[in-house]
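Engineer: model the structure of this input:
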Amino acid sequence: MLKCGIEIHQRLSTEKKLFCNCPASAEGEEKPTGAVTRRLKPVYGELGQVDPAAAFEGTRNKSFEYQIMPTSSCLVELDEEPPGETNLQALLAVLEIALLLNARVLDEVHVMRKTVVDGSATSGFQRTALVAVDGSLQTSFGNVAIPTICLEEESSGIVRREADKNIYRLDRLGIPLVEIATDPSISSGSQAREVAEKIGLLLRSTGRAQRGIGSIRQDLNVSVEGGTRVEIKGAQELADLSKLVENEASRQRRIIEIMNALSKRPGELHAQLPIDVSELFDKTESNFVKKALAQGNHAMATRLKGFAGLLKLELMPDHRLGTELSDYAKAHAGVQGIIHSDEDPSKYDFTPQEMTAVGQKLECNSLDGWALCIADVPTATKALDAVAQRAKTITTIGVLGETRRAEGEKSRFMRPLPGSARMYPETDVPTLEITQDLLAKVEKGLPETFEQKAKRYELNGLSKQVAHAMAKSATAEEFEKLCEHTTAEPVLVASLLLETITALARQGVEINTLSFQDKSKALKGVVEGKIVKAALAPILAEIAKGKTFEEVSEQAQYRKMNGIPLEAAISAKAKASGLRGEDLFTTLMKEHRNHADPAEMRAILSKHRMLDK
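Structural biologist: The predicted structure follows:
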């Protein structure tokens, strides 16, 4: 059985950041005017314990460089000045979102500090505040509970990661976020996608959500029977969510299968100290090994008792158990990866004899595997210790609670799962009181949701499918204005915006040059009988090149033909071609598509009994 919960992190569209007066934008266009370098250490939380995730990050011994932006960062981001008052505009946005999610807003909002030692916050913590609880969201799979809705500050934007240093920009740090967390009642990848999409649409309907790449992120919490909760952070693409959930479920199930297989193999895995096997590669033909050893590195290896044949097993597409152990080595020691006994030796230009020699040096039997790492001795030892420790926990625990990083439809190990020890009170920000009067004002101004908007569009004559597409579209506001300023049927307006304009864009037409007035005139031309619907696309394409509607619509190929001229054209084509019925209609439409109405043409053909062969 699969269980999944989602945390949605959405940047809010406010003028200022959450605790200072810097603009809440992170466009990446500013150039830094300076930088500071910090080292962060884990500290005890409110419960007197060090959070395991913070402790892990502390062992990596990285420094962090923060690029200072001239207009979008200040001493608050540098943690050189206390935070200012909480941004009321951001708080009102979260209250609005909470009410739309049927949540119970708390009487008081207390800001807390959440320990973060990966360098994404200069202070070593992120400020977060619980605003509402006990919300709910209706989906086609049933009701999904939303236990918490929080207001928090965005982290720094990563520029690049290096072996011993991460570099961040400070323009993003402190932008207000809303965090919406569901319960673990989601039972499939497709449901996870629907929940994320519905919450995303609700956030957009408020008009208080930032748009653009990186402005919304999904974290997933996934577990299966016999496994445990695993957090996957930073899923960006909605299209990847379903597979991401299913692949994590597959990974956990496969690890459980491997644990069961190991339990049937004799002997107990014990931690073996890595040993130096560099001498085995003195005459190697592997260029990367020769180069690494020449630079003073060493080939270190450790035995993985009972793992022969298991390291090549696939946990999820193109991700094997060996890949999993390699990720642990990378995360703990910063190495490029490991080589293991189940790999094809030709991949590294190794000989079978070299692979066999490593196993013999480690005193492996036929059931044992091994892992090898090439780096300086302390680094390689640290990497292999992490591999051996994870291998040992596979035999005893199986799936570990951990935080992983989303990479498309798959994920990679990042660090241990954080716990409650990471939270402690923020003493620099006053408590916020949420009064009934304030809530009443927010409730009175609640916006129309996408579902409500789609229902209204259906009542106006759109099909259910088109109504939902129109409600989700970025042109929904323009749709309503065009319906208001012209007498065109809503179906025609929706077709123009969803189909015609989209098709023109795919053809390379500069649709951004088409104004509201251009579209309005074109629709009026159809309503008033000056042009036909089929002519909208070619006419707008010419308008996009700089012509006016009046100029284009008067051209002979676009001016609507009807009445006696149309009858004459039909009669002439019938005599010249000898065609009748649908063949005649099809031929006529090819010639007169852009200036004759199909319904009128059929009426004339029927009148003169030309539809019968």
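Engineer: which residue is the nearest non-sequential neighbour of residue 300?
Structural biologist: The shortest distance from residue 300 to any non-neighbouring residue, by C-beta to C-beta, 6 or more residues apart in numbering, is to residue 380 (3.9 Å). From N, CA and C alone the C-beta is placed, and that goes for glycine too.
Engineer: which of the residues in the helix or strand containing the one you found are buried?
Structural biologist: Per DSSP states H and E: residue 380 is located in helix 377-396. Within helix 377-396, the residues scored as buried using 16 or more other C-beta atoms under 10 Å are 379-388, 390-392, 394-395.
Engineer: residue nearest the centroid of the protein?
Structural biologist: residue 236 (1.1 Å; C-alpha atoms, centre = their mean).
Engineer: nearest residue to that one in space, please, no chain neighbours.
Structural biologist: Closest residue to residue 236 apart from its sequence neighbours, by C-beta to C-beta, 6+ apart: residue 217 at 6.3 Å.
Engineer: go ahead and confirm that neighbour touches residue 235.
Structural biologist: Yes. Residue 217 lies in contact with residue 235 (C-beta atoms under 8 Å); the separation is 6.8 Å.
Engineer: neighbour count: the two, which is higher?
Structural biologist: residue 235 (24 against 18; other C-beta atoms under 10 Å).
Engineer: what sits against the more buried one?
Structural biologist: The contact partners of residue 235, by C-beta atoms under 8 Å, 6 or more residues apart in numbering, come to 217-220, 241, 244, 406.
Engineer: repeat that for residue 93.
Structural biologist: Each residue near residue 93 by C-beta under 8 Å, 6+ apart is listed here: 12-14, 176, 178, 206, 208.
Engineer: any of the residues you listed buried? List them.
Structural biologist: In the contacts of residue 93, the ones that pass as buried (16+ other C-beta under 10 Å) are 12-14, 176, 178, 206, 208.
Engineer: how many neighbouring residues does residue 551 have?
Structural biologist: 12.
Engineer: distance of it from residue 523?
Structural biologist: From residue 551 across to residue 523, the span is 17 Å (C-beta to C-beta, to the nearest Å).
Engineer: cool, and residue 148?
Structural biologist: Distance from residue 148 to residue 523, by C-beta to C-beta: 46 Å.
Engineer: on that earlier part again, hmm, the residue nearest to the centre of the chain is touching residue 219, no?
Structural biologist: No. In this structure, residue 236 is not within contact of residue 219 by C-beta under 8 Å, at 11.2 Å.
Engineer: what is the end-to-end distance of stretch 78-97?
Structural biologist: 30 Å (C-alpha to C-alpha, to the nearest Å).
Engineer: what mean pLDDT does that stretch have?
Structural biologist: Average pLDDT, stretch 78-97: 96.
Engineer: what does stretch 545-564 give?
Structural biologist: 83.
Engineer: run through who's touching it.
Structural biologist: Taking C-beta under 8 Å, 6+ apart as the rule, stretch 545-564 contacts 513, 518, 521-522, 525, 529-532, 535, 538-539, 542-543, 569, 592, 594-597, 600.
Engineer: before we move on, what about stretch 65-81?
Structural biologist: So stretch 65-81 is contacted by 17, 19-23, 25-26, 30, 32-38, 82-84, 122-123, 156, 159, 165-171, 173-174 (C-beta under 8 Å, 6+ apart).
Engineer: same thing but at 6 Å, please
Structural biologist: 19-20, 22-23, 30, 32-37, 83, 122-123, 167-171, 173-174 (C-beta atoms under 6 Å, 6 or more residues apart in numbering).
Engineer: how far does that stretch sit from its chain's centre?
Structural biologist: The chain centroid and the centroid of stretch 65-81 are separated by 27 Å under C-alpha atoms, centre = their mean, to the nearest Å.
Engineer: that stretch: end-to-end distance?
Structural biologist: Per C-alpha to C-alpha, stretch 65-81 runs 18 Å from first to last residue.
Engineer: for it, buried residues please.
Structural biologist: Of all the residues in stretch 65-81, those buried under the rule 16+ other C-beta under 10 Å are 65-69, 72-74, 76-79.
Engineer: point out where the stretch 451-600 of the chain drops to low pLDDT.
Structural biologist: 563-564, 566-567, 569-575, 578, 584, 587-589, 591-592, 600 (pLDDT under 70).
Engineer: where do the helices sit along it?
Structural biologist: Applying DSSP state H, counting those that start in this stretch to the stretch 451-600 of the chain gives helices spanning 464-472, 476-485, 490-495, 501-506, 516-527, 536-543, 549-553, 563-577, 581-592, 598-607.
Engineer: how about the ones you listed in JSON lines, adding distance to residue 307?
Structural biologist: Shown next, in JSON lines, are those (distance: least, C-beta to C-beta, whole Å):
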{"stretch": "helix 464-472", "distance to residue 307": "49"}
{"stretch": "helix 476-485", "distance to residue 307": "56"}
{"stretch": "helix 490-495", "distance to residue 307": "59"}
{"stretch": "helix 501-506", "distance to residue 307": "52"}
{"stretch": "helix 516-527", "distance to residue 307": "65"}
{"stretch": "helix 536-543", "distance to residue 307": "62"}
{"stretch": "helix 549-553", "distance to residue 307": "72"}
{"stretch": "helix 563-577", "distance to residue 307": "78"}
{"stretch": "helix 581-592", "distance to residue 307": "68"}
{"stretch": "helix 598-607", "distance to residue 307": "70"}
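Engineer: among those helices, which comes closest to residue 438?
Structural biologist: Minimum separation from residue 438 across the helices of the stretch 451-600 of the chain (C-beta to C-beta) falls at helix 476-485, 28.0 Å.
Engineer: pull the closest one out as CSV, backbone CA atoms only.
Structural biologist: Extracted in CSV, the C-alpha atoms of helix 476-485 (Å, rounded to 0.1, in the frame of the first residue of the first chain):
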residue,chain,number,x,y,z
ALA,A,476,-9.2,34.0,-19.0
GLU,A,477,-9.4,37.7,-18.1
GLU,A,478,-9.1,38.6,-21.8
PHE,A,479,-11.8,36.1,-22.6
GLU,A,480,-14.2,37.8,-20.2
LYS,A,481,-13.4,41.3,-21.6
LEU,A,482,-13.8,40.2,-25.2
CYS,A,483,-17.2,38.6,-24.3
GLU,A,484,-18.2,41.9,-22.6
HIS,A,485,-17.0,44.3,-25.4
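Engineer: how far off helix 464-472 does it point, in degrees?
Structural biologist: Here helix 476-485 runs at an angle of 110 degrees relative to helix 464-472 (axes from the mean of the first three to the mean of the last three C-alpha atoms, to 10 degrees).
Engineer: I'd guessed residue 108 sits against residue 431; true?
Structural biologist: Yes. Shown here, residue 108 and residue 431 form a contact pair, counting by C-beta atoms under 6 Å, at 5.3 Å.
Engineer: quick one: residue 75 from residue 325, how far?
Structural biologist: With C-beta to C-beta as the criterion, residue 75 and residue 325 are 44 Å apart.
Engineer: actually residue 291, not the one I typed
Structural biologist: From residue 291 to residue 325 the distance is 24 Å (C-beta to C-beta).
Engineer: how is this structure partitioned into domains?
Structural biologist: Using automatic domain parsing, the domain parsing of the chain gives 8-185+421-425, 268-396, 450-553, 563-607.
Engineer: quick one: which of those domains is nearest residue 231?
Structural biologist: domain 8-185+421-425 (9.7 Å).
Engineer: any idea how far apart the tips of the closest one sit?
Structural biologist: Domain 8-185+421-425 end-to-end distance (C-alpha to C-alpha) = 23 Å.
Engineer: and that domain, how far from the chain's centre?
Structural biologist: 17 Å.
Engineer: wait, is residue 80 part of a helix?
Structural biologist: No. Counting by DSSP: H, G, I helix; E, B strand; the rest coil, residue 80 is not found in a helix; it is coil.
Engineer: give me the below-cutoff pLDDT ranges for the stretch 201-350 of the chain.
Structural biologist: For the stretch 201-350 of the chain, applying pLDDT under 70 flags the ranges 268-271.
Engineer: residue boundaries of the strands in it?
Structural biologist: 216-224, 230-235, 275-276, 298-304, 314-316, 319-320, 339-340 (DSSP state E, counting those that start in this stretch).
Engineer: what of the stretch 1-150 of the chain?
Structural biologist: 2-11, 34-38, 63-68, 104-105, 108-109, 111-115, 125-139, 142-153.
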